[in-house]
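> need coordinates for the following:
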Amino acid sequence: MDIMTVIGIAVGLVAILGGNMLEGGHTDSLLIFTAFFIVFGGTLGAVMVQTPRPIFMHALKRLRWLFQPPTVDGKAAIANIIEWAQLARKEGLLSLQAVAEQERDPFARAGLQMLADGGEPDTIRSILEVEMATSEHKEMQAVKVFEGFGGYAPCIGIIGAVMGLIHVMNNLAEPAALGPGIAVAFVATIYGVGMANLLFLPAANKLKTITGEQLHYKEMVLDGLVCIAEGENPRNIDSKLQGYL
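Next up is the predicted model:
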């Protein structure tokens with residue numbers, strides 16, 4: 001579990017709510033369901049309008065990465081690649097067929113299968129680079145969904161604020177109704193800006209970082225597989241791949 005996500009959210013909320021209390025404010029004054037409903041519902045609707053359904057559903061699945069990002073063990077991957085290189089030198093590339101069938105990583109498995117089939121280094125590189133580009137594009141589409149949330153939320157917050165002020169103007173003759181209307185106006189703005197800058201935009205940037213790490217890992221595996229296809233010495237492969245760490 002990525003504890004930094006939990007700590008970050010907690011620190012942000014404590015800082016804002018704690019600062020409000022230090023200034024003499026009350027937490028209850030910030031808990032207005034109407035304002036939350038306007039901002040979150042409006043933002044969700046706007047994002048759903050701009051995003052195709054498959055991408056939207058994929059982005060929701062990637063929420064898990066914020067708390068449980070995929071593990072990338074570069075040292076273990078290099079050790080596996082060196083083992084594959086040694087096996088290929090001793091028994092030939094065809095011996096990697098059995099390794100490919102047991103490999104859990106789909107990217108590495110595809111490369112091993114091409115090695116076992118006698119694929120040329122340039123062919124292996126070009127095919128796997130296409131897979132890498134496609135995977136990166138798919139993940140960046142999910143990132144754009146959260147960037148959309150972060151972009152629309154403050155604007156919807158302003159809409160909520162204007163609606164609250166309209167309510168106030170319509171009830172100038174009733175002083176008792178002025179307070180709730182003003183509260184909704186300002187709290188809606190807080191919700192919009194707060195959700196954008198505490199949740200949505202940080203989530204988008206974290207997914208970018210995780211996607212970059214995944215791409216970096218695949219580049220390392222790709223280089224290792226191409227080196228095996230070119231028949232390089234396992235020691236030279238190890239020296240080259242250590243640079244990725």
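> who touches the strand or helix carrying L241?
Remark: L241 resides in helix 234-242, with elements defined by DSSP states H and E. Residues from elsewhere that reach helix 234-242, judged by CB atoms under 8 Å, 6 or more residues apart in numbering: 78, 81-82, 85-86, 89, 220, 223-224, 227-228. Glycine gets a C-beta too; all of them are placed from N, C-alpha and C.
> W84 is in contact with C227, correct?
No - with contact defined as CB atoms under 8 Å, C227 does not reach W84; the gap is 10.1 Å.
> and those two? which has more neighbours close in?
W84 (25 against 20; other CB atoms under 10 Å).
> let me know whether the more buried one touches V99 as I believe.
Yes - under the contact definition of CB under 8 Å, W84 touches V99, with a separation of 6.2 Å.
> need the overlap of contacts for those two.
In contact with both W84 and V99: L112, using CB under 8 Å, 6+ apart.
> biggest helix in the chain, by residue count?
Using DSSP state H, we find that the single longest helix of the chain is helix 121-170.
> return the alpha-carbon coordinates of stretch 3-23 using PDB.
Taking C-alpha atoms only, stretch 3-23 is exported to PDB below (Å, rounded to 0.1, in the frame of the first residue of the first chain):
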ATOM      1  CA  ILE A   3       1.100   5.200   2.500                       C
ATOM      2  CA  MET A   4       2.000   8.500   1.000                       C
ATOM      3  CA  THR A   5      -1.400   8.900  -0.600                       C
ATOM      4  CA  VAL A   6      -3.200   8.300   2.700                       C
ATOM      5  CA  ILE A   7      -0.800  10.600   4.600                       C
ATOM      6  CA  GLY A   8      -1.100  13.300   1.900                       C
ATOM      7  CA  ILE A   9      -4.800  13.400   2.000                       C
ATOM      8  CA  ALA A  10      -4.900  13.400   5.800                       C
ATOM      9  CA  VAL A  11      -2.300  16.200   6.000                       C
ATOM     10  CA  GLY A  12      -4.200  18.300   3.500                       C
ATOM     11  CA  LEU A  13      -7.500  17.900   5.300                       C
ATOM     12  CA  VAL A  14      -6.000  18.500   8.800                       C
ATOM     13  CA  ALA A  15      -4.300  21.600   7.600                       C
ATOM     14  CA  ILE A  16      -7.500  23.100   6.100                       C
ATOM     15  CA  LEU A  17      -9.900  22.100   8.800                       C
ATOM     16  CA  GLY A  18      -7.400  22.800  11.600                       C
ATOM     17  CA  GLY A  19      -6.700  26.300  10.100                       C
ATOM     18  CA  ASN A  20     -10.400  26.900  10.000                       C
ATOM     19  CA  MET A  21     -10.700  26.000  13.700                       C
ATOM     20  CA  LEU A  22      -7.700  28.100  14.700                       C
ATOM     21  CA  GLU A  23      -9.400  31.100  13.100                       C
END
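> I7: helix or strand, and which one exactly?
helix 3-22.
> what's the mean pLDDT across the next helix or strand after that helix?
Heading C-terminal from helix 3-22, the first helix or strand you meet, by DSSP H and E, is helix 33-50. The predicted model gives helix 33-50 an average pLDDT of 91.
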